[in-house]
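Chemist: The following comprises the amino acid sequence and a computationally predicted model.
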Amino acid sequence: MFFHIVLERNMQLHPRHFGRDLREKLVAKLMKDVEGTCSGRHGFVVAITGIESVGKGLIRDGTGFVTFPVKYQCVVFRPFKGEILEAVVTMVNKMGFFAEAGPVQIFVSNHLIPDDMEFQTGDMPNYTTSDGSVKIQKESEVRLKIIGTRVDATEIVRLLDRTFGGIAWWDAALNRKLKFSERLESLFCCNLEAPCSSIL
């Protein structure tokens, strides 16, 4: 889920950047240092949307660097337990599969994949239903429900739920990519027990 929040950070700036464009240099450094980073508390910082205030600088003894307290608005991405995400499969193996939803890496254990799906080896490893109608392989789009999280230094890893079917829908089963509006509609209109193809 995306949130628009206000955060604070102390930014250090070298004296060579002092001048008329000091604020612009400070904002550029803030964007470079913050955008794309992750914290367990707030999630991934997607973008800085505005600067609320830049405090008075404090000169650091012996270095000449100046520390400025900066308060800024930003958009962060942080999924929560129970949330439903759409993701793209990046790797499939006999232990399960990995997928990515924006900056979040997701692992689905083979214990959480529906019982009627079996792992198939070959050039393109995949999980296939017994009747062959649904196949999960690299680049497949899947919809998942989060059951837990783990923060690895700069990454948030999500675990997924079998009570939701592990995987509820596979866009790959539709043999086409859904438009963003269709995906949003299917997210809110689908019966959680049925594939989206049954309502589109």
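Modeler: Cool, the structure landed. Here the structure is a predicted model, which means the values were calculated and not measured. Residues are numbered from 1 along each chain as shown.
Chemist: right, and Tyr119 touches Met95 too?
Modeler: No Tyr there; residue 119 is Phe. No: between Phe119 and Met95 there is no contact under C-beta atoms under 8 Å: 9.1 Å. Quick note: C-beta positions are derived from backbone N, CA and C, even for glycine.
Chemist: Looking at these two, which is more packed in?
Modeler: Neighbours of Phe119 and Met95, each counted by other C-beta atoms under 10 Å, are more numerous for Phe119; the result is 17 against 12.
Chemist: got the contact list for that one?
Modeler: Phe119 makes contact with Val92, Asn93, Lys94, Asn110, Pro125, Asn126, Tyr127, according to C-beta atoms under 8 Å, 6 or more residues apart in numbering.
Chemist: May I see the PyMOL selection of the buried members of the residues you listed?
Modeler: PyMOL command restricting the contacts of Phe119 to the buried ones, with burial defined by 16 or more other C-beta atoms under 10 Å:
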select buried, resi 92+125+126+127
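Chemist: how about the contacts of Phe119 in a markdown table, adding secondary structure?
Modeler: Formatted as a markdown table, these follow (DSSP: H, G, I helix; E, B strand; the rest coil):
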| residue | secondary structure |
| --- | --- |
| Val92 | strand |
| Asn93 | strand |
| Lys94 | coil |
| Asn110 | helix |
| Pro125 | coil |
| Asn126 | strand |
| Tyr127 | strand |
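Chemist: Helices along this structure, start to end?
Modeler: Under the criterion DSSP state H, helices of the chain are mapped to 22-34, 180-189.
Chemist: residue farthest from the centroid of this protein?
Modeler: Gly62 (41.1 Å; C-alpha atoms, centre = their mean).
Chemist: Can you tell me how far that one is from Val27?
Modeler: Gly62 sits 27 Å away from Val27, going by C-beta to C-beta, to the nearest Å.
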